[in-house]
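I would like the atomic coordinates for the input below:
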Amino acid sequence: MRRVLEQEIMEEMMERYSTMYFSEEPVDDEDIKGILLAATQAPNAYNEQPWRFFVAKTPQDKEMLMEYMLPGEKEWISKAPVLILLAGNMGDTHNGLYNYWTPFDTGCAWGYMSLEAQRRGYVTHCIGSFDRVDMRSEFQASEDLEIYGIVALGRPGDAALMAKEKQMPRKTVNAVQLRRR
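Numbering: from 1, shown residues only. From the prediction side, this is the model:
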């Protein structure tokens, strides 16, 4: 079902949505590389490229990440053939200072990642419901590394269930004129 907008935008943006239904079909390694390469093209402050991606493809690696998710998330995410942990390095900067923009820049990289996945015929869903504190200590992440989300990546699953998801409406643009007090 194609949505009609007042303005034309990229097809991938129109068709992209976060699914809960993945096929168990494997994701090609070259596609993973291309999707991550697209993410690295995102704009970012001072070109610091603070994002870090940790890819889990094996059942063992995926289970290691799923240990930290809420039970409801694990249930549907287990079919996704690839999980990508999104993190940002807050301290490895050009001037040695804290990089305030890391979460913003990493979010932008996730957006580019999701659009490239969509262009290649994959679907994604970013999960934020997991225990960041325990995960960080378990993986002995540097103090400068912040964990933001886990992206499930795969081919679309059950078409009938996915059709219902696609019908979720988008809010209208809410641009407000900036005014001084």
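
looking at this structure, which strand is longest?
strand 145-154 (DSSP state E).

report the buried residues of that strand.
Using 16 or more other Cβ atoms under 10 Å as the test for burial, strand 145-154 gives Leu145, Glu146, Ile147, Tyr148, Gly149, Ile150, Val151, Ala152, Leu153, Gly154. (Glycine included, C-beta is placed from N, CA and C.)

what pairs with the spatially closest residue to the second one that is not a sequence neighbour across the strands?
Residue nearest to Glu146 in three dimensions, not counting chain neighbours: Gly88, with 5.2 Å by Cβ to Cβ, 6 or more residues apart in numbering. Under the criterion DSSP bridges, Gly88 forms beta bridges with Trp51, Glu146.

quick one: the strands in this protein?
Counting by DSSP E, the strands of the chain are 51-56, 82-89, 123-127, 145-154.

next one: the nearest residue to Tyr46 once chain neighbours are set aside from Leu85, what distance?
Closest residue to Tyr46 apart from its sequence neighbours, by Cβ to Cβ, 6+ apart: His94 at 5.4 Å. Plainly put, His94 is 25 Å away from Leu85 if you go by Cβ to Cβ, to the nearest Å.

distance of Leu65 relative to Asp105?
22 Å.

let me fix that, I meant to ask about Arg155.
Applying Cβ to Cβ to Arg155 and Asp105 gives a distance of 29 Å.

then Val123?
Following Cβ to Cβ, the distance that separates Val123 from Asp105 is 24 Å.

how about Asp105, nearest residue that isn't a chain neighbour?
Asn44 (3.8 Å).

which residues touch the one you found?
Pro50, Trp51, Trp101, Asp105, Cys108, Ala109 (Cβ atoms under 8 Å, 6 or more residues apart in numbering).

reformat these as a markdown table; add pLDDT, distance to Gln7 and neighbour count.
Formatted as a markdown table, those follow (pLDDT from 0 to 100; distance: Cβ to Cβ, whole Å; neighbours: other Cβ atoms under 10 Å):
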| residue | pLDDT | distance to Gln7 | neighbour count |
| --- | --- | --- | --- |
| Pro50 | 93 | 32 | 25 |
| Trp51 | 94 | 29 | 25 |
| Trp101 | 92 | 28 | 17 |
| Asp105 | 96 | 26 | 22 |
| Cys108 | 97 | 21 | 17 |
| Ala109 | 97 | 25 | 25 |
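
just those residues now: which is nearest Asp134?
Using Cβ to Cβ, the shortest approach to Asp134 within those belongs to Trp51, at 21.8 Å.

now stretch 125-141: how far from the chain's centre is it?
14 Å (Cα atoms, centre = their mean, to the nearest Å).

show me where this protein has helices.
Taking DSSP state H, the helices of the chain run over residues 11-15, 29-40, 59-66, 71-77, 102-119, 132-138, 159-166.
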